[in-house]
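Undergrad: The following block contains a protein sequence and its predicted model.
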Amino acid sequence: MKNFFIENQWITKFTKDSFTYFVGKVIPSFVGFLTVIILCRLFGAHVYGQFSIVISIIFVSEIIFSGWIIQGILRFYSEYNGYPEQSFYDNIWRFYLAVIPIGCIVLALILFISNKESLINILLALFLFSLITAFAIQTTFFQARLKAKSYVKWEATRAILIPIITVFLFLFFNSKNYMIIIIGYCVCYFFVVGLMLTWKEKVNFKSISPLDRNLLKKFIQYGAPLTIWLGSSYLLNISDRYVIAGYCSFNDVGIYSAAYDIISKGLGVLFMPIVSAAHPIIMDRWNNKDYSSAFSVLKRGIIYELSLFVPVIIIIYLLRSKIILIGLGPEFKGAENIILPIAGGAFLWRLSMLIHKPLELNKKTKLMALLVTLALAVNLLLNLCFIPIYGYIAAAYTTIGSFFVYFVGIVFYIFLSRKSNE
């Protein structure tokens with residue numbers, strides 16, 4: 001009876017947090033959806049395609065250089081019950097200060113070599129990279145502390161400010177240069193990160209203080225394979241844009257990216273709250289050796305996602321033409337042909353975020369990295385074969401195919417593990 005109560009207690013906590021994340025995600029996801037529409041309407045497909053390439057490079061850099069920190073926070077925060085919270089918190093920001101200069105050097109080289117960006121454009125991109133990384137780390141702390149309301153409040157603030165500031169800059173400069181959008185992002189993140197760190201947390205960056213080397217070692221050992229996983233998984237979602245840019249045009253990149261972004265952000269409001277609420281609770285229960293509750297929450301999360309998908313995909317199928325025509329405009333006509341495979345791939349990927357939790361809990365991060373790298377290789381191979389022939393339409397189908405490779409790999413491994421344990 002006691003175990004039954006505990007399981008239901010944490011399922012109730014999970015359901016409540018899912019609803020909190022959902023309410024909080026409604027605003028940023030809906031605003032993010034509107035932001036894509038606004039940017040496409042104001043700047044057009046060609047400029048949005050240029051912006052999509054640059055911002056994706058910045059985000060993948062943030063994931064690669066901060067992923068091990070973020071995953072370490074989520075995995076080990078609740079495990080360090082006897083560790084002074086402020087000391088743990090300060091050490092995380094020392095890790096940040098150590099990794100940011102390296103990330104800036106690598107990002108600057110990538111932007112210069114791949115896009116031939118000017119010095120001022122590169123400096124703005126580096127500034128945005130530093131801010132996005134700080135934002136990701138701080139909001140992860142809110143998740144690890146199970147403070148869902150704080151997390152969604154700052155996410156909503158960030159999401160709302162981006163289109164407001166960008167539209168203001170567009171009107172002020174009267175320019176359709178994609179760097180106007182980058183500057184809008186910089187101003188928004190600077191404002192939000194500044195408020196979070198100086199007003200909310202009162203962070204004191206003690207860069208000369210000694211690092212906790214044991215904590216650093218633990219983070220790297222656990223997080224390094226996950227960083228490979230995170231980087232590869234993000235590339236799995238956006239690498240097709242680079243191939244489209246190489247074989248087609250920025251206009252095609254813009255059409256594909258806009259369709260992908262509005263569907264991804266639209267589905268995000270439904271599925272990401274489930275993952276965001278489940279992850280810290282599962283980790284907290286697992287670290288406290290309450291394995292039964294951890295798996296109960298995991299199973300409930302999978303049920304929630306499956307029950308949402310069927311009605312959503314029917315609605316998308318019926319309204320796919322109107323979504324593109326009314327939302328993005330006639331310049332993006334043709335994108336309705338890729339909405340369904342994009343939606344299927346987005347769902348399959350988010351379901352995988354829960355399915356692979358047993359591997360994550362058992363620290364099988366190297367296997368996760370191997371499987372997602374395999375899926376990325378399949379994605380790149382298929383894109384190089386079919387995008388030159390069929391254009392951006394092929395990218396939608398190659399993406400869902402590569403997501404399926406990762407999903408099947410995870411399910412197959414779990415099946416074999418259970419067989420060996422019987």
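TA: Yes, it's here. Numbers count the residues shown, from 1 in each chain.

Undergrad: in this protein, which spans are helices?
TA: Along the chain, the segments classed as helices by DSSP state H run 2-76, 85-115, 119-144, 148-173, 178-194, 213-247, 250-287, 291-327, 339-355, 357-361, 365-390, 392-421.

Undergrad: Pick the most buried one from those.
TA: Highest mean neighbour count among the helices of the chain (mean count of other C-beta atoms under 10 Å): helix 250-287, with a mean of 23. Glycine gets a C-beta too; all of them are placed from N, C-alpha and C.

Undergrad: residue contacts, the closest residue to residue 165 other than its chain neighbours?
TA: Setting aside the residues directly before and after it, residue 165 is nearest to residue 184 in space (C-beta to C-beta, 6 or more residues apart in numbering), at 4.6 Å. Residues in contact with residue 184, defined by C-beta atoms under 8 Å, 6 or more residues apart in numbering, are 162, 165-166, 168-169.

Undergrad: Please apply the same query to residue 357.
TA: 278-279, 282, 298.

Undergrad: Using CSV, lay out those together with pLDDT.
TA: Shown next, in CSV, are the contacts of residue 357 (pLDDT from 0 to 100):
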residue, pLDDT
278, 76
279, 72
282, 77
298, 80
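
Undergrad: Check those and tell me the two furthest apart.
TA: 279 and 298 (9.8 Å; C-beta to C-beta).

Undergrad: Let me see the contact set for residue 77.
TA: The contact partners of residue 77, by C-beta under 8 Å, 6+ apart, come to 88, 141, 144-145.

Undergrad: typed the wrong thing, it's residue 239
TA: Contacts of residue 239 by C-beta under 8 Å, 6+ apart are 376, 379-380, 383.

Undergrad: any idea how far residue 124 lies from residue 178?
TA: According to C-beta to C-beta, to the nearest Å, residue 124 and residue 178 sit 11 Å apart.

Undergrad: from memory residue 332 sits against residue 45, does it?
TA: Yes: Residue 332 is within contact range of residue 45, at 6.3 Å (criterion: C-beta atoms under 8 Å).

Undergrad: Can you work out which residues contact both of those two?
TA: Counting by C-beta under 8 Å, 6+ apart, the residues touching both residue 332 and residue 45 are 254-255, 258.

Undergrad: With distance to residue 372 and pLDDT added, can I get the residues you listed in TSV?
TA: Shown next, in TSV, are the shared contacts of residue 332 and residue 45 (distance: C-beta to C-beta, whole Å; pLDDT from 0 to 100):
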residue	distance to residue 372	pLDDT
254	27	88
255	27	87
258	25	85
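
Undergrad: which one among the contacts of residue 357 gets closest to residue 237?
TA: Nearest member of the contacts of residue 357 to residue 237, counting by C-beta to C-beta, is residue 279, at 18.5 Å.

Undergrad: For the residue lying closest to that closest one once chain neighbours are set aside, give its distance to residue 175.
TA: Distances taken as C-beta to C-beta, 6+ apart put residue 74 closest to residue 279, at 6.3 Å, once the chain neighbours are dropped. The spacing between residue 74 and residue 175, counted by C-beta to C-beta, is 40 Å.

Undergrad: cool, residue 382 as well?
TA: With distances taken as C-beta to C-beta, residue 382 is found 37 Å from residue 175.

Undergrad: picking up where we left off before, so which of the contacts of residue 77 comes closest to residue 303?
TA: residue 144 (24.8 Å).

Undergrad: Now for the closest one: which residues touch it?
TA: By C-beta under 8 Å, 6+ apart, the contact list for residue 144 reads 73-74, 77-78, 280.

Undergrad: Find the nearest non-adjacent residue to it, please.
TA: Among residues not flanking residue 144 along the chain, residue 77 sits closest, at 3.8 Å (C-beta to C-beta, 6+ apart).

Undergrad: Now do that neighbour, the pLDDT please.
TA: Reading off the confidence values, residue 77 has pLDDT 74.

Undergrad: what does residue 136 give?
TA: Note for residue 136: predicted pLDDT of 91.

Undergrad: That one contacts residue 62, correct?
TA: Yes: in this structure, residue 136 is within contact of residue 62 by C-beta under 8 Å, at 6.4 Å.

Undergrad: picking up where we left off before, could I get the contacts of residue 239 in a markdown table, plus columns for pLDDT?
TA: Output for the contacts of residue 239, formatted as a markdown table (pLDDT from 0 to 100):
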| residue | pLDDT |
| --- | --- |
| 376 | 89 |
| 379 | 90 |
| 380 | 91 |
| 383 | 92 |
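
Undergrad: ok, of those residues, which one's closest to residue 157?
TA: Comparing the contacts of residue 239 against residue 157 with C-beta to C-beta places residue 376 closest, at 33.1 Å.

Undergrad: I'd guessed the closest one sits against residue 237; true?
TA: No: contact criterion C-beta under 8 Å: residue 376 and residue 237 do not qualify, at 9.8 Å.

Undergrad: residues touching the closest residue to residue 302 other than its chain neighbours, list them.
TA: Distances taken as C-beta to C-beta, 6+ apart place residue 354 nearest to residue 302, at 5.3 Å, with adjacent residues excluded. Contacts for residue 354 (C-beta under 8 Å, 6+ apart) come out as 274-275, 278, 298, 301-302, 305.

Undergrad: Distance to residue 92 added to those residues, as a markdown table?
TA: Listed next are the contacts of residue 354 as a markdown table, based on distance: C-beta to C-beta, whole Å:
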| residue | distance to residue 92 |
| --- | --- |
| 274 | 26 |
| 275 | 22 |
| 278 | 23 |
| 298 | 26 |
| 301 | 27 |
| 302 | 31 |
| 305 | 30 |
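
Undergrad: any idea how far residue 349 is from the one residue sitting closest to the centre of the chain?
TA: Against the mean C-alpha coordinate of the chain, by C-alpha atoms, centre = their mean, the closest residue is residue 234 at 7.4 Å. Look at residue 234 and residue 349: by C-beta to C-beta, they are 11 Å apart.

Undergrad: repeat for residue 305
TA: From residue 305 across to residue 349, the span is 11 Å (C-beta to C-beta).

Undergrad: again, but for residue 289
TA: Separation of residue 289 from residue 349 (C-beta to C-beta): 30 Å.

Undergrad: wait, doesn't residue 264 sit right on residue 346?
TA: Yes: under the criterion of C-beta under 8 Å, residue 264 makes contact with residue 346 at 5.3 Å.

Undergrad: All set, thanks.
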